[in-house]
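*Asks:* Give me the fold of what follows.
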Amino acid sequence: MLHAHANRRFWWLSLLLVVALFTALTPAAAKTATTTTQVLDKGKWAPATYQAVQELIEKNGINSPSYHASKKPYAVFDWDNTSIMHDTEEALFVYQIHHLAYKLTPEEFGKVIRTNVPEGPFADSYQNADGKPVTLDAVASDLVSDYTYLYQNYKGLKGTKSLEEVTATEQFADFRAKLYFLYEAINETHSNTIGYPWVLYLFTNMTIDEVHKLAELSNDASLGMAIQKVTWTSPKALAGKAGVITASHTTGLRLTSEVANLMNTLRANGIDVYVVSASLEDVVRVFATLPKYGYNLPSENVIGMRLETQNGVITNKYLPNYPITVGHGKTEVIQSILEKKYGHGPILIAGDSNGDFEMMTELGSVKLVLVVNRVKGGKIGQQAAKGAEQLGKANPSVVLQGRDENTGMWIPNEATIKLGKTEPQLVAK
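*Replies:* This is a model prediction of the structure:
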């Protein structure tokens, strides 16, 4: 009896000890579970900018006392030159040119390149080699002539010759230079609300799947290119109506690992992430969602330009009653789509250009603006100057992040090293 009683007593004492230990350890374990969340990788962030962004995450993320899962905070990023180095849509435009990746007859091509572009001469800065003005009709006529030749000869369209053969011709050299010239002239003369949708109309007659495949090929090719300025001049032998013209662009795309890490860190801390882009929504989705690029966004979290489709193919018509997602149009889609969904605006806006200024300044919910510093003037220059003024101050509303445009990589500085330069510059002169 005494032995049995001792055993029972030992068993009860052991049970009480286990309960006591569990009670003592559980709060600490629970605390660890709620406070251990992903911290932003310091990477190549400018230290003060990193601190401001990390503090924003801590004050608004899942461990904040004010956090409510039913009213999740969210951040909005521009894509081109913010989330990546350079412009995915412009890279695809060049890829289409070099691969003659079109599904247009010459007659359709002629109509597409004139879509919504006012007649008449372009801005004075877009003249030919003789210093004469270039009109839409002149350059469009030359382009249709070039495209007709390429269409009839390239085996990927209606001809029999290889891509290498047709791209070695003067007609291709003329086509390449004048089409890029036209894109830049439209944007400079008539604003990007006309120019940005215009470049998308070259997808006319393609399916969304075909655009996705084309965008991925373009991304991968451009990620492997050197970053360098390339100049194209049309041949004198094909001066045509427009004359000899010159166009320049910078090649190469680069991933920005710090932005990919920031997006993933925000989401790990209960802050949703969206992209609002002036590129075609379906083009950006390829970059933003495919695991191999590292950004890992849900497809529905990418918002951009939208074209009307008919019978499953893209048309040269912008989607009716949908904002052109540049400038104030970005604010409009945030308000009409995201604020409607969440009941409030974003806490963080990240951008790099004049086209991002309105969403940086028109939304009262924004707690922090991150400017990827391209040392630009204009409206984005005002934001950059504001960020420069707040350097070293507590609780900044605008922060700057610099990069080296020669490599495409961020640098741990608010200033940026411009392409072809070696010294960082903070604001435009």
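
*Asks:* Quick check: residue 403 vs residue 365, distance?
*Replies:* 27 Å (C-beta to C-beta, to the nearest Å). In short, each C-beta sits where N, CA and C put it, glycine included.

*Asks:* Would you state the strands of this protein in chain order?
*Replies:* 74-77, 84-85, 229-233, 246-250, 254-255, 272-280, 302-305, 307-310, 313-318, 348-351, 368-372, 398-401, 403-404, 409-410 (DSSP state E).

*Asks:* need the ones you listed in a markdown table with mean neighbour count and distance to residue 52, can you?
*Replies:* Formatted as a markdown table, those follow (neighbours: other C-beta atoms under 10 Å; distance: least, C-beta to C-beta, whole Å):
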| stretch | mean neighbour count | distance to residue 52 |
| --- | --- | --- |
| strand 74-77 | 26 | 13 |
| strand 84-85 | 25 | 22 |
| strand 229-233 | 13 | 33 |
| strand 246-250 | 16 | 30 |
| strand 254-255 | 18 | 23 |
| strand 272-280 | 26 | 17 |
| strand 302-305 | 24 | 25 |
| strand 307-310 | 14 | 38 |
| strand 313-318 | 18 | 37 |
| strand 348-351 | 27 | 10 |
| strand 368-372 | 25 | 6 |
| strand 398-401 | 26 | 5 |
| strand 403-404 | 23 | 17 |
| strand 409-410 | 20 | 15 |
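
*Asks:* any idea how far residue 164 is from the spatially most central residue of the chain?
*Replies:* The centre of the chain sits closest to residue 79, judged by C-alpha atoms, centre = their mean, with a distance of 1.6 Å. From residue 79 over to residue 164 the distance is 33 Å, taken as C-beta to C-beta.

*Asks:* again, but for residue 182
*Replies:* Going from residue 182 to residue 164 by C-beta to C-beta gives 25 Å.

*Asks:* Which one's more surrounded, those two?
*Replies:* Relative neighbour count places residue 182 above the other of residue 182 and residue 164, with 27 against 7, counting by other C-beta atoms under 10 Å.

*Asks:* low-confidence ranges in the stretch 251-400 of the chain?
*Replies:* The stretch 251-400 of the chain contains no residues with pLDDT under 70.

*Asks:* how about the helices of it, start to end?
*Replies:* For the stretch 251-400 of the chain, the helices defined by DSSP state H, counting those that start in this stretch occupy 257-268, 281-289, 328-333, 340-342, 357-361, 378-389.

*Asks:* residues in contact with the shortest one?
*Replies:* Contacts of helix 340-342 from elsewhere in the structure, counted by C-beta atoms under 8 Å, 6 or more residues apart in numbering, are 71-72, 74.

*Asks:* The residue nearest to the centre of the chain - nearest residue in space that isn't next to it in sequence?
*Replies:* residue 277 (4.0 Å; C-beta to C-beta, 6 or more residues apart in numbering).

*Asks:* again with residue 132
*Replies:* Leaving aside its chain neighbours, residue 132 sits nearest to residue 243 (6.2 Å; criterion: C-beta to C-beta, 6+ apart).

*Asks:* That neighbour: what's it in contact with?
*Replies:* Taking C-beta under 8 Å, 6+ apart, one finds 128-130, 132, 134, 138 in contact with residue 243.
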